[in-house]
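Colleague: this one's structure only:
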DNA sequence: AGGCTTTTGTTCACGGCTAGAGCATAAACT
DNA sequence: AGTTTATGCTCTAGCCGTGAACAAAAGCCT
């Protein structure tokens, strides 16, 4: 990603590499293993670990198993080290968790809400601020997953809930308060040297000092890339089925966000030949034919507005026909995307896992004829998510650590 | 991209950065400008330039304009420096060129061919070998653009020409001959330390020691990203219209290739609701409705097989109706891709430029209703390519320099 | 139990790298 | 002709990772 050009940046770069390695393996590997993984000299690793422990970023504990030589230690999260606050906001409830380096999750709060921006985000903001005050400077950042396209700056649209350009950071009241008027330490005209200027995040967008707001599908894909079925996969396609369908390409371990921050919208391509108007404003979107809303519509029940999760699950469990129709629509769209993008693996999360388990044959049968001949020889593997419904929350965490585990992020730590 | 971890890699990394900067600016910037661009100390730049000149990679010439202080020099290609051989193979002819660092192109040969693999690639291979022998060790690599999906290893399918798994490196006879039996300097079991193992290229695929074979659209997109309208654009969409339609996403300056090397196939998604079987094996592909073949079909002329370029150009110039239909199909597909991927700019090359000039209103009118409401506020700019029909050739060059301008690539230079 | 082997952590001299200061150079400006 | 300005060159200082030598801490063998 980056590249050090001076000796000083070298050190910073290797600190990041080491912390990232600890985080990515879930704090399971020993110091000597990490030394080999990163091709460091033992002396270098020694200095790095000592420095990071000194800075309250790492804490070594004895490895449990015992081998032949001198016992090694396992670097893990420091007891007073950085925490990522992660939130998954669904159409009907939200969940808030604190995550250590390495990925251990502690759920702090789960609450249902009424589907309005204020009803959902007001209490959530309070909860975040309360926990933030308690945890103090340990909070390295806040990541928020939402079930709709997110534009840069944190503006969110959830068409079927009636959210239009909802300013999530503002409603969460997590914007840093504007600088108080009066004498300032730094003169107003002074440039801020060495400050990273990119606000782009893999799967999320950040207002400076505020939360990283991202699409749930993109975050689920990010988690899948780091700790799930897409780990080590160079090009993967992740599809998240909830009330509707989200899809995003994962390249080199990160989901692609678009120019405006909202790129995880494969669901809004007309891949299944339908002509039904979509709440998004376009027509015949793939997303109209896959997901809980499509299941409910298929059996003639009311749908939309983020209601009916139980009913949809009932349909999923009982209506062979509705499930097959959903799976077929899913398969046809997958074929189109596989043609275009040639992913190595296609992963399904949310209801996608059940759709694939219960009607995988329908899915594959609908996929096959849509593939180019050259794709049929080596079609991508289609697999259920390894993370289930937890993906979006984990992805929100990863987005925070992605920003923290950089030379600039670490610079801000104490 | 990469990241130095030791002091030695640091030097290699900075050598690459400097050469890349020279190449990317087309050898137009002065040494002092480059020093500032790369945030190097003047002393460091001095050492680097001297080293690169010593190695026959760079040659400084006095800057033409004159300013106040001591005159500075412009680093450019060394007269005996590396050359990229670049080839654009179309359905009916090919073009071979030699390219210096900085991007100056010297066309070496242009020849029509009969559309068969042997007829096209046999003479081309001869030409490449002849020029390769003449230029000797200056040849840093060979890049070949082809009008069809390219799988890793250089297997190419051009459905409408009847090419099926054509082994391009073999037909070009550019595979390195197997090592001669007998005593070898390096013992057979000895590992090759520090050797890069990835064969993946942005927009191309390489057999070790052989040419980099890539899709023409992907190469055109690569060129557009480096020297055209997509320069500096984080997420762009490039569409190349020739006999049919190719499309690829450009992220961070490089077109996305898929897992198997062939990712530039947005043309083979069913975006326009057609049901015509496509030679690719799928049905209703977007590519059926855009391009020279679609124009010819529209007016009832024979099409396919890579024939009829002149007729298609005539239709393009005269048939308002056929052009409008093409432009509308193009617009509808663009809307779908913009929804899904949120590009900052959409660029058109090949016939796409003329389609947009002659029927831009039809294109935009067909695009608009397919967009999500949130995309309509800030739709991406749609622009003709800055490189015209030269893109694929230039992209083939860039793919060679992308591989050469790495620490490993430079290591192999003398 | 005691010595040996194996593996890892620690320390330190060494070479390589870039930054930055000071000086030399070469043009334009006055 | 002297001054100003921008750049190139040279050298020292400081930082970094390497790798070797040594210390430490466990298992293994007799």
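Modeller: Yep, it's here. From a predicted model like this one, the values you see are computed outputs, not experimental measurements.
Colleague: Determine the set of other helices and strands touching the helix or strand in which residue A:20 is found.
Modeller: Residue A:20 is located in helix A:7-24, with elements delineated by DSSP states H and E. Under the contact criterion of 3 or more C-beta pairs under 8 Å, 6 or more residues apart in numbering or on different chains; DSSP states H and E, helix A:7-24 touches helix A:31-37, helix A:42-54, strand A:73-77, helix A:407-411, helix B:7-24. Any C-beta I mention is one placed from the backbone N, CA and C, and that applies to glycine too.
Colleague: With mean pLDDT, distance to residue B:313 and mean neighbour count added, can I get these in CSV?
Modeller: Shown next, in CSV, are these (pLDDT from 0 to 100; distance: least, C-beta to C-beta, whole Å; neighbours: other C-beta atoms under 10 Å in any protein chain shown):
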stretch, mean pLDDT, distance to residue B:313, mean neighbour count
helix A:31-37, 97, 57, 18
helix A:42-54, 97, 63, 15
strand A:73-77, 97, 65, 20
helix A:407-411, 95, 53, 16
helix B:7-24, 96, 34, 19
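Colleague: Including distance to residue A:242, could these go into CSV?
Modeller: Output for the helices and strands packed on helix A:7-24, formatted as CSV (distance: least, C-beta to C-beta, whole Å):
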stretch, distance to residue A:242
helix A:31-37, 36
helix A:42-54, 39
strand A:73-77, 31
helix A:407-411, 31
helix B:7-24, 43
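Colleague: circling back: is the helix holding residue A:20 in proximity to DNA strand C?
Modeller: Yes - under the criterion of C-beta under 7 Å from any atom of the strand, DNA strand C is reached by helix A:7-24 at residue A:7.
Colleague: what's the spacing between that helix and its chain's center?
Modeller: Chain-centre distance of helix A:7-24: 22 Å, with C-alpha atoms, centre = their mean, to the nearest Å.
Colleague: now check that helix, is it near DNA strand D?
Modeller: Yes - interface with DNA strand D: helix A:7-24 contributes A:7-8, A:10-11, A:14 (C-beta under 7 Å from any atom of the strand).
Colleague: got the buried residues for stretch A:388-396?
Modeller: Neighbour counts using 16 or more other C-beta atoms under 10 Å in any protein chain shown place A:389-396 of stretch A:388-396 among the buried residues.
Colleague: I would like the residues contacting it, please.
Modeller: Among residues not part of stretch A:388-396, those counted as contacts by C-beta atoms under 8 Å, 6 or more residues apart in numbering or on different chains are A:84, A:86-88, A:95, A:97, A:99, A:103, A:105, A:143-145, A:203-204, A:212, A:214, A:216-224, A:226-228, A:240, A:349-350, A:353, A:385, A:387.
Colleague: Return the subset of these lying in helices.
Modeller: A:216-224, A:226-227, A:353 (DSSP state H).
Colleague: Chain neighbours aside, what residue packs nearest to residue A:379?
Modeller: Excluding its sequence neighbours, the residue lying closest to residue A:379 (C-beta to C-beta, 6 or more residues apart in numbering or on different chains) is residue A:371, at 6.4 Å.
Colleague: hang on, that neighbour packs against residue A:340?
Modeller: No - counting by C-beta atoms under 8 Å, residue A:371 stays clear of residue A:340, with 11.1 Å between them.
Colleague: Compare the two (neighbour count), which wins?
Modeller: residue A:340 (30 against 21; other C-beta atoms under 10 Å in any protein chain shown).
Colleague: pLDDT value on residue A:204, please?
Modeller: Note on residue A:204: pLDDT of 77.
Colleague: on that earlier part again, now flag whichever of the buried residues of stretch A:388-396 is closest to chain B.
Modeller: residue A:395 (18.3 Å; C-beta to the nearest C-beta).
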